[in-house]
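Would you be able to build a 3D model of this:
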Amino acid sequence: MIQDHLRRLPDSGRTPVAALFLGGFEKTAELPELGIPVLEGDPSSVIPQVVHEYAISLVLDLSDEPIVDPRARFALASTAMAAGAAYSGGGIELAPPSRPRLAERPTVSVIGTGKRTGKTGVSIALARHWRMHGMNPCIVTMGRGGPAKPLVLRAGELGSAESVLDHLTAEGLHATSDYVEDALFAGVDTVGTRRLGAGPAGVTVHDDFAAGVEAAISLNPGMIIYEGSGTAIPPAHADSTVLVTHSSLDPEYLSGYFGPFRLALADAVVIVGSDGSELAQLMTRIAPHSRTFTATFEPEPTVTVDGRSVILVTTADPATGALIERSLLALGARTVRFVHSLSDRSVLAADLAIVTSDDLVLTELKAAAASVVLPLVREVGADVGFLNNGLVVEGGTAELAEHLESRWPADAPSLAGQGTT
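This next block holds a predicted model:
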């Protein structure tokens, strides 16, 4: 039956060039004769090789259960799309995301398994590293709250964080979009862009990311970091990609669904959280091509907390808050209290009623920080500062950066092998 179907394919404009045998020797004692090369092996390595060797545009799945169960089918589709081919089988057709090369300089894509995994923290840590080593990085972000047209922030022209937020708010802009946080905390030029939606493979419904990259190139950076948003993947080719997730993630979101697609793109995986050992072990099994790093966040206040009564306004849950409290006390804070409702404006104003003029209010750079927290704190007369959740990579950010650099084109500028720490 498969032979008959393959013979009919040219009538629909499709020419079969190779087949991958997935199993089922109970039906045949040897590989079938199909008039085209029939291959065996791990689909995660064979499919990309065949797609590139034969310039394949479509992987046609003619398999069935029990040889290919639903998880294996998602893995096949993910592998095909990551290699640049469409996937079609039994009532489902999936197109690979468009990721054209937009910049003729080193590029790194930071993608995630969802919101609040730590993508911005990873982007900031990498940008700081490359800035300190003279590589003049620029970050291009994509966000649902991004500007209507790509907007550039020049690091050397920014004032205080508070003044930047005030200016952007006065202009009617989302003052705490990721490009603002990146510019303030990484100290590099950034470009903010807007996106709408994100499908299961990270494809947006609409975005102006390419225009943002064009704006970044006009700044003449040494390299560009593409920062994803939520599950949306930057729609551009990157020389290396880092996937960021949290240690609390259900492993099924990496081993099933479209997790294999994200893993196929990733040269490195950063697992953020107090205990990433279980996911790290899983990565060793299902993504041996990708190097895994574990990381935690260390609070970095923009003002001194020594001797102060601190109120931290955050999106973090109480369990994470305990870790932050210990860090702020170690920095000299007299007391630390929390408002955990920064992401819930319906209760945020009421929760901020605890603020007095003697307090120092630290807030994360989130949308409600500019629109709710700053006005209320000023009304009370309390001091205010901002908090960056600084990424601490086990083994050091330099090790992660050098691993990503090793994937860059041979003629690209790189710090690898120059003794960086």
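
From here on, just use CA atoms for contacts and neighbour counts.
Fine.

What segments of the stretch 201-350 of the chain are strands?
Counting by DSSP state E, counting those that start in this stretch, the stretch 201-350 of the chain has strands at residues 206-207, 223-227, 240-246, 268-272, 291-301, 309-313, 335-339.

okay if I get those strands as JSON lines plus mean neighbour count and distance to residue 117?
Conversion of the strands of the stretch 201-350 of the chain to JSON lines gives the following (neighbours: other CA atoms under 10 Å; distance: least, CA to CA, whole Å):
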{"stretch": "strand 206-207", "mean neighbour count": "16", "distance to residue 117": "21"}
{"stretch": "strand 223-227", "mean neighbour count": "26", "distance to residue 117": "12"}
{"stretch": "strand 240-246", "mean neighbour count": "25", "distance to residue 117": "5"}
{"stretch": "strand 268-272", "mean neighbour count": "26", "distance to residue 117": "7"}
{"stretch": "strand 291-301", "mean neighbour count": "20", "distance to residue 117": "11"}
{"stretch": "strand 309-313", "mean neighbour count": "23", "distance to residue 117": "19"}
{"stretch": "strand 335-339", "mean neighbour count": "19", "distance to residue 117": "20"}
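
Save the ones you listed as a markdown table, and put in distance to residue 356 and mean pLDDT too.
A markdown table is the format used below for these (distance: least, CA to CA, whole Å; pLDDT from 0 to 100):
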| stretch | distance to residue 356 | mean pLDDT |
| --- | --- | --- |
| strand 206-207 | 43 | 95 |
| strand 223-227 | 37 | 98 |
| strand 240-246 | 35 | 95 |
| strand 268-272 | 34 | 94 |
| strand 291-301 | 19 | 92 |
| strand 309-313 | 10 | 96 |
| strand 335-339 | 12 | 96 |
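
mind putting those in CSV, distance to residue 179 included?
Below are these laid out as CSV (distance: least, CA to CA, whole Å):
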stretch, distance to residue 179
strand 206-207, 15
strand 223-227, 9
strand 240-246, 18
strand 268-272, 21
strand 291-301, 18
strand 309-313, 20
strand 335-339, 25
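
out of the ones you listed, nearest to residue 394?
Evaluated over the strands of the stretch 201-350 of the chain, closeness to residue 394 peaks at strand 291-301, with 5.6 Å, by CA to CA.

what does that closest one rub up against?
Under the contact criterion CA atoms under 8 Å, 6 or more residues apart in numbering, strand 291-301 has outside partners 267-274, 276, 280, 283-284, 324, 327-328, 362, 385-394, 400.

Is it correct that residue 138 is in contact with residue 221?
Yes - the pair residue 138 and residue 221 qualifies as a contact (CA atoms under 8 Å) at a distance of 5.9 Å.

neighbour-wise, which of the two wins?
Taking neighbours as other CA atoms under 10 Å, residue 138 and residue 221 compare with residue 138 leading, 32 against 17.

which strands and helices sit next to the helix or strand hosting that one?
Following DSSP states H and E, one finds residue 138 within strand 137-143. The contact analysis (3 or more CA pairs under 8 Å, 6 or more residues apart in numbering; DSSP states H and E) places strand 137-143 against helix 119-132, helix 178-186, strand 189-196, helix 209-217, strand 223-227.

Same list, those, but as TSV with distance to residue 294 please.
Shown next, in TSV, are these (distance: least, CA to CA, whole Å):
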stretch	distance to residue 294
helix 119-132	11
helix 178-186	21
strand 189-196	26
helix 209-217	29
strand 223-227	19
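
mean pLDDT lowest for which of those?
Mean pLDDT is lowest for helix 178-186 among the helices and strands packed on strand 137-143, at a mean of 93.

Would you mind splitting this protein into its domains for me?
2-94, 107-297+394-405, 299-388 (automatic domain parsing).

Out of the strands of the stretch 201-350 of the chain, which gets nearest to residue 113?
Closest approach to residue 113 among the strands of the stretch 201-350 of the chain is made by strand 240-246 (5.6 Å; CA to CA).

how big is the angle separating the closest one from strand 291-301?
Comparing the axes of strand 240-246 and strand 291-301 via axes from the mean of the first three to the mean of the last three CA atoms, to 10 degrees yields an angle of 70 degrees.

ok, residues contacting strand 240-246?
With contact meaning CA under 8 Å, 6+ apart, strand 240-246 is reached by 107-114, 117-119, 122, 262-263, 265-273, 276, 404-405, 407-408.

again, only using 7 Å
Strand 240-246 has contacts (CA atoms under 7 Å, 6 or more residues apart in numbering) with 107-113, 117-119, 265-273, 404, 407-408.

repeat for stretch 70-79
Contact with stretch 70-79 is made by 43, 44, 47, 87, 256, 257, 258, 260, 261, 264, as judged by CA under 7 Å, 6+ apart.

same thing with stretch 173-185?
Contacts of stretch 173-185 (CA under 7 Å, 6+ apart): 120, 124, 141, 143, 145-147, 153, 155, 161, 165, 168-169, 189-192, 365-367, 370, 388.

to the chain's geometric centre, what's the distance from that stretch?
16 Å (CA atoms, centre = their mean, to the nearest Å).

Pull out the buried positions in it.
Under the neighbour-count criterion of 16 or more other CA atoms under 10 Å, stretch 173-185 has 173-185 buried.

circling back: which one of the strands of the stretch 201-350 of the chain lies closest to residue 128?
Per CA to CA, nearest to residue 128 of the strands of the stretch 201-350 of the chain: strand 223-227, 11.5 Å.

by contact count, what packs against the closest one?
Applying 3 or more CA pairs under 7 Å, 6 or more residues apart in numbering; DSSP states H and E, we find strand 223-227 packed against strand 107-112, strand 137-143.

Please produce CSV containing these, extended by mean pLDDT and distance to residue 2.
CSV is the format used below for the helices and strands packed on strand 223-227 (pLDDT from 0 to 100; distance: least, CA to CA, whole Å):
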stretch, mean pLDDT, distance to residue 2
strand 107-112, 97, 39
strand 137-143, 96, 44
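
mind putting the ones you listed in CSV, distance to residue 197 included?
Output for the helices and strands packed on strand 223-227, formatted as CSV (distance: least, CA to CA, whole Å):
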stretch, distance to residue 197
strand 107-112, 15
strand 137-143, 10
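
Tell me which of those strands sits nearest to residue 309.
Using CA to CA, these put strand 137-143 closest to residue 309, at 34.1 Å.
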